[in-house]
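[1] need coordinates for the following:
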Amino acid sequence: MLKYVLILSLILSACGSDDPTEEEGMPNETEDLRDTTPPPEMPPVDENEPEPEPEPEPEPEPEPEPEPEPEPEPCECTVGFTQCQGDLEQMCEPDPSSTDETCGKWGTAMECASPQQVCILTMCATPDGCVDEDGDGYGNGCDPGPDCDDADATVYPGAPELCDGKDNACTGVVDGGLDVGESCSVGVGACEVTGAFICDASSAIVCDAVAAAPGVEICDGIDNDCDGETDEDDVCGSSFCDLDFNEPNDSVATATLLGAGSMTVGISCDADVDYFALDVTPNRAYRLNLPYYDTLGDVDVEVLANGTTPVGTGATFGSGLRVSFTAQAGSTYVARVSNVSATDTYYQISLVEELSSCQNEDIFAPNQSRSTASLLLPEWYIDGGVCANTSDWYNLGSLEVGDGVDVYLDMAAPIVGDLDLYLWNDPDGDGNFTIAGSSLRPEGVDEDLYHVVSVAGPYYIQVTGYLGDPGPYLLEYYLD
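    Numbers count the residues shown, from 1 in each chain. Predicted structure coming up:
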């Protein structure tokens, strides 16, 4: 080994280095060139060892599981079933939030339909011993007692009386305590029509009358256009003679038509003559009535056949004149009213058939209803008479607040029955008239009525017999 070291030294010196030890990086001759550090031991190679497996690829992220669908809420009950909540019955009603038609929810607990029933187990039932077919609580063996009609729940002892044509309260009287069949009226003025109270389809009490259609307002003391006012809009003019709405009727050719059972009013001024064409049927007897306001002046009346031939002249009767005649075939008839005092005056004229056997029928007929009431002026003292089960009506016209109405009804001889006196007005202006005052003294005693007007409007006087009594009378009317 030393030999090789020496050879190496010689080679290095031949390269021209004065001091081989000064050459950077070269070893000193005294240095041991051998590396005494043993090399690391390498593990033995196992030829049979398998090649290393490749790194596994990362597994993909798992997909999130879907949210589970909510399970439907369980049904509370089956639709139509019932259960008891103490003494109350509870029914299962359809649940609108459920797709199952049989699935429902419990409704509000209710009392049993009949007071005789109790809720037993799951439903209302009638205890043994009570037979109540209509569920009104009354029946054979029931505590309240038997039922007079066990097929109708609105009929039982003590039930409220309904307007239904039944004896609801089991008193033996149909529609007991109600006004069914009583007289009533609808409309105002000339539109008023009388009728009777009846039951309608809803068991309400209504008047079966239908108001007449309104007409044109004329000067006659009547509310012709049915607006609650009489002779408004200056229809009567500015003078007394302008009140006669029948003008012009100064000749046979322009005569005002007057039918049987109808009435109208007129004004006779100085030499004025009024004609009325009488609508009659041959071979029938008639009465032409003409009461007039004799406080102002006098009038005369006659009936002419074919416009020229007199068949009757007015005879004094009560508070006016009357002509009786029988219509003949082939003839026409007119009434001629003339003024014989040269003083303007008011009169009323009507035509009636002689069909009534009533001895008390007066010259103001037909005035048996408010719609046909005779116009009565203040300070007119008249003779009248009511027939059995009828009334006489008088129109006082439209009165103002504060007016004093003073009416006297004297029983005329021979005194028969008991007559009563009523004053009517329409306080609300709705066409429904009510009694504003009355005088109801005993039989044979004169009646006296005084009333101060508190509501302006039309007023009427009614003279009627108590319990339908007939009788003659004298009537006086004053306005303070």
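
[2] C-terminal to the helix or strand encompassing residue 266, what's the next element?
    Following DSSP states H and E, one finds residue 266 within strand 262-268. Next along the chain after strand 262-268, taking DSSP H and E as the criterion, comes strand 273-279.

[3] quick one: buried residues of that following strand?
    Using 16 or more other C-beta atoms under 10 Å as the test for burial, strand 273-279 gives 274, 275, 276, 277, 278. In this view, the C-beta of every residue, glycine as well, is placed from N, C-alpha and C.

[4] need the per-residue pLDDT for the second one.
    pLDDT, residue 275: 94.

[5] what's the spacing between the residue lying closest to it once chain neighbours are set aside and residue 146?
    Of all residues not flanking residue 275 in the chain, residue 255 sits nearest, at 3.8 Å (C-beta to C-beta, 6 or more residues apart in numbering). When distance is defined by C-beta to C-beta, to the nearest Å, residue 255 is 72 Å away from residue 146.

[6] quick check: the residue nearest to residue 275 touching residue 332?
    No - when contacts are counted by C-beta atoms under 8 Å, residue 255 is not listed as touching residue 332 (9.9 Å).

[7] send me the strand holding residue 266 as CSV with only the CA atoms.
    Backbone C-alpha positions of strand 262-268 (Å, rounded to 0.1, in the frame of the first residue of the first chain) are rendered in CSV as follows:
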residue,chain,number,x,y,z
SER,A,262,-168.3,56.6,-7.7
MET,A,263,-168.2,60.1,-6.2
THR,A,264,-166.7,63.4,-7.1
VAL,A,265,-166.7,67.0,-5.9
GLY,A,266,-167.6,70.2,-7.6
ILE,A,267,-167.9,74.0,-7.2
SER,A,268,-171.0,75.9,-8.2
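
[8] okay, and for the stretch 251-400 of the chain, where does confidence drop off?
    295, 318, 355-360 (pLDDT under 70).

[9] repeat for the stretch 51-200 of the chain
    51-54, 68-72, 116.

[10] repeat the analysis, applying 50 as the threshold.
    Counting by pLDDT under 50, the stretch 51-200 of the chain has no low-confidence residues at all.

[11] skipping its backbone neighbours, what lies nearest residue 474 in space?
    Once flanking residues are discounted, residue 474 sits nearest to residue 410: 4.2 Å by C-beta to C-beta, 6+ apart.

[12] per-residue pLDDT, that neighbour?
    84.

[13] hmm, residue 98 is touching residue 75, no?
    Yes - using C-beta under 8 Å, residue 98 is in contact with residue 75, at 7.1 Å.

[14] quickly list what's touching both of those two.
    residue 104 (C-beta atoms under 8 Å, 6 or more residues apart in numbering).

[15] re earlier: more crowded one of residue 255 and residue 332?
    residue 255 (20 against 15; other C-beta atoms under 10 Å).

[16] do you know how far that one is from residue 93?
    For residue 255, the distance to residue 93 equals 78 Å [C-beta to C-beta].

[17] can you list the neighbours in contact with stretch 81-89?
    77, 90-92, 106, 109-112, 118-124.

[18] need the distance between the two termini of it.
    Taking C-alpha to C-alpha, to the nearest Å, stretch 81-89 runs 10 Å from one end to the other.

[19] cool, stretch 271-286 as well?
    End residues of stretch 271-286 are separated by 28 Å (C-alpha to C-alpha).

[20] measure how far that stretch is from the centre of its chain, please.
    Between the centre of stretch 271-286 and the centre of its chain there are 46 Å (C-alpha atoms, centre = their mean, to the nearest Å).

[21] over to stretch 281-290?
    How far stretch 281-290 lies from its chain's middle: 45 Å, per C-alpha atoms, centre = their mean.

[22] with stretch 343-350 instead?
    Put simply, stretch 343-350 sits 44 Å off its chain's centre (C-alpha atoms, centre = their mean).

[23] residue boundaries of the helices in the protein?
    2-13 (DSSP state H).

[24] distance to residue 265 for the buried residues of strand 273-279 - can I get that in CSV?
    Shown next, in CSV, are the buried residues of strand 273-279 (distance: C-beta to C-beta, whole Å):
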residue, distance to residue 265
274, 11
275, 15
276, 12
277, 17
278, 17
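
[25] let me know the closest of the residues you listed to residue 152.
    The closest of the buried residues of strand 273-279 to residue 152 turns out to be residue 278 (C-beta to C-beta; 57.4 Å).

[26] tell me where the stretch 51-200 of the chain has strands.
    Along the stretch 51-200 of the chain, the stretches classed as strands by DSSP state E, counting those that start in this stretch are 77-78, 82-85, 88-94, 103-106, 118-120, 123-125, 183-186, 193-199.

[27] got the domain ranges for the protein?
    179-242, 244-353, 370-479 (automatic domain parsing).

[28] the ones you listed: which one's closest to residue 102?
    Closest to residue 102 of the domains of the chain, according to C-beta to C-beta: domain 179-242, at 38.2 Å.

[29] what do residue 255 and residue 332 both touch?
    In contact with both residue 255 and residue 332: residue 277, using C-beta under 8 Å, 6+ apart.

[30] how many neighbours does residue 411 have?
    Number of residues near residue 411 (other C-beta under 10 Å) recorded here: 20.

[31] now do the same contact list for the residue nearest to it when sequence neighbours are not counted.
    Leaving aside its chain neighbours, residue 411 sits nearest to residue 446 (5.7 Å; criterion: C-beta to C-beta, 6+ apart). Contacts of residue 446 were listed using C-beta under 8 Å, 6+ apart, and they are 408, 409, 410, 411.

[32] local confidence estimate at residue 454?
    Residue 454 is given a pLDDT of 93.

[33] can I assume it is in contact with residue 401?
    Yes - at 6.3 Å, residue 454 counts as touching residue 401 under the criterion of C-beta under 8 Å.
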